[in-house]
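In: predicted model, plus sequence, below.
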Amino acid sequence: LVRGYSNSPRFMQALVSDYLMRWNQDIDISVRGMDPKYAGFYNGDQIEAEIEKMAKWPNRKEPPHPDWISTKDVACTGEKFGVMSPAPQNNSQTEEEREAELICDAETISEELVELDADL
C-alpha cells in the first residue's frame, strides 16, 4: 500500500496516524491487563464507557477491571508528540508551495525505499 507511489502525503500521514492509534490501543489494553475481549477494538471512549457502566451495577462486589485508570482521572499535561503534533506553520508559503514541498518529500522517500529494495 505504501509503495504504490500514487499516494498523497496526507493519505500517508492518515495511515501512519491510524496505525499509531491502533498500536497504542493494543499496548494500552495489554499493559493494563484488560480482558482479551478488548483486543482489536479501537474505540477507547466506548471501552471506558462500558467499564464505567459495569462499575455502577448494583450487584457488583468488585469493579470489573480494578487496575483500569480512566483517562478522565488523568490531568492533561498539554504535551504533544509524534505525527499528531501540528507541523510548524510557515506563513510565507502559499498552499501550492506547501503541496509541492510535500510531494517532493514523498518522492525523496520513495526513491530511498527503491534504493533499500535494490540493496536487499
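Out: Alright, I've got the coordinates. Residues are numbered from 1 along each chain as shown.
In: centroid-nearest residue for the chain?
Out: Here the mean C-alpha position of the chain is nearest to the C-alpha of residue 21 (Cα atoms, centre = their mean), at a distance of 2.2 Å.
In: ramachandran angles for it?
Out: Taking degrees, to the nearest 10, you get phi -60, psi -40 for the backbone angles of residue 21.
In: so which strand or helix has the closest residue to residue 44 other than its chain neighbours?
Out: The spatially closest residue to residue 44, leaving aside those adjacent along the chain, is residue 25, at 6.1 Å (Cβ to Cβ, 6 or more residues apart in numbering). Every C-beta, even on glycine, is put in place using the N, C-alpha and C of the backbone. Take DSSP states H and E as the rule and residue 25 turns out to sit in helix 9-31.
In: so the residue nearest to residue 44 sits against residue 45, correct?
Out: No. The pair residue 25 / residue 45 is not scored as a contact, 11.0 Å apart, by Cβ atoms under 8 Å.
In: so those two - more neighbours on which side?
Out: The neighbour count for residue 25 versus residue 45, taken as other Cβ atoms under 10 Å, is higher for residue 25 (18 against 8).
In: contacts only, for the more buried one.
Out: Residue 25 makes contact with 41-42, 44, according to Cβ atoms under 8 Å, 6 or more residues apart in numbering.
In: same thing but at 10 Å, please
Out: When contacts are counted by Cβ atoms under 10 Å, 6 or more residues apart in numbering, residue 25 touches 38-44, 47.
In: now for the longest helix along the chain, which elements pack on it?
Out: With DSSP state H applied, the helix covering the greatest number of residues in the chain is identified as helix 95-119. Other helices and strands packing on helix 95-119, by 3 or more Cβ pairs under 10 Å, 6 or more residues apart in numbering; DSSP states H and E, are helix 9-31.
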